[in-house]
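Student: here's a sequence, model it:
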Amino acid sequence: MNLPNQLTLARIILIPIFMAFLLLQFPKGQPIFPYQDLVAAVIFILAATTDGLDGYIARKRGQVTVLGKFLDPLADKLLVSAALIALVELGDVPAWVCWIILAREFAVTGLRAIASADGTVIAASKLGKIKTVSQVLAISLLLLHDWPLSLLNIYLGQPLLYLALFFTIISGVDYLVKSKKFLKK
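Tutor: Numbering: from 1, shown residues only. Presented below is the predicted three-dimensional model:
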């Protein structure tokens with residue numbers, strides 16, 4: 001297994017570790033580990049960083065594989081979905097925002113599957129990449145409770161979450177328009 005695929009697999013393996021640090025508590029809501037929310041945030045950021053890194057290495061070394069094309073978007077969706085669902089449970093993300101983001105991910109995955117069955121690859125668009133970056137930034141800030149910006153009374157996690165939601169919807173519509181010819185068949 002090449003390095004890019006190992007990084008992608010590592011991202012998937014980090015998800016339950018991230019979730020454990022973020023959500024495990026003693027009864028009455030006391031954390032089990034000191035700074036466990038900070039550790040969870042660092043794990044999320046580290047895992048999210050591997051997303052760009054694995055693709056860059058795969059293209060640079062000519063190591064793009066079918067397995068990588070399958071695992072990379074799956075790992076991204078699993079990581080973001082896990083974080084959003086956990087943040088809903090913690091009361092930091094409204095459930096309706098999480099639902100819209102997850103619905104878009106399912107819809108785009110379905111559209112890509114339909115196109116693939118027709119022999120066409122719908123590559124990630126610039127809007128899709130902006131969507132992913134904005135989601136990761138929003139989730140990271142929410143996990144960090146807007147630190148270090150909160151020291152200056154600047155709170156960007158929630159506004160950035162709604163910006164990510166905007167790009168999620170816009171990029172979903174963009175994929176739908178690009179897939180129009182496959183949906184007519």
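Student: around residue 35, count how many other residues there are.
Tutor: Applying other C-beta atoms under 10 Å, we find 11 residues neighbouring residue 35. Yep, even glycine has a C-beta here, placed from its N, CA and C like the rest.
Student: same thing with the one 3 residues further on?
Tutor: The number of residues packed around residue 38, counting by other C-beta under 10 Å, is 15.
Student: that one: which element?
Tutor: Element membership of residue 38, judged by DSSP states H and E, is helix 36-61.
Student: could you point out the helix or strand that follows that helix?
Tutor: Trace forward from helix 36-61 with DSSP H and E and the next one is helix 66-89.
Student: relative to helix 36-61, how tilted is that next one?
Tutor: Interaxial angle, helix 66-89 versus helix 36-61 (axes from the mean of the first three to the mean of the last three C-alpha atoms, to 10 degrees): 160 degrees.
Student: what helices and strands are in contact with helix 66-89?
Tutor: helix 3-23, helix 36-61, helix 95-117, helix 126-143 (3 or more C-beta pairs under 8 Å, 6 or more residues apart in numbering; DSSP states H and E).
Student: touching, residue 114 and residue 182? I think so.
Tutor: Yes: Residue 114 lies in contact with residue 182 (C-beta atoms under 8 Å); the separation is 5.0 Å.
Student: residue ranges in this protein under the pLDDT threshold?
Tutor: 185 (pLDDT under 70).
Student: buried stuff in stretch 45-65?
Tutor: Neighbour-count burial for stretch 45-65 flags 45, 47-48, 50-51, 54-55, 57-58, 64 (criterion: 16 or more other C-beta atoms under 10 Å).
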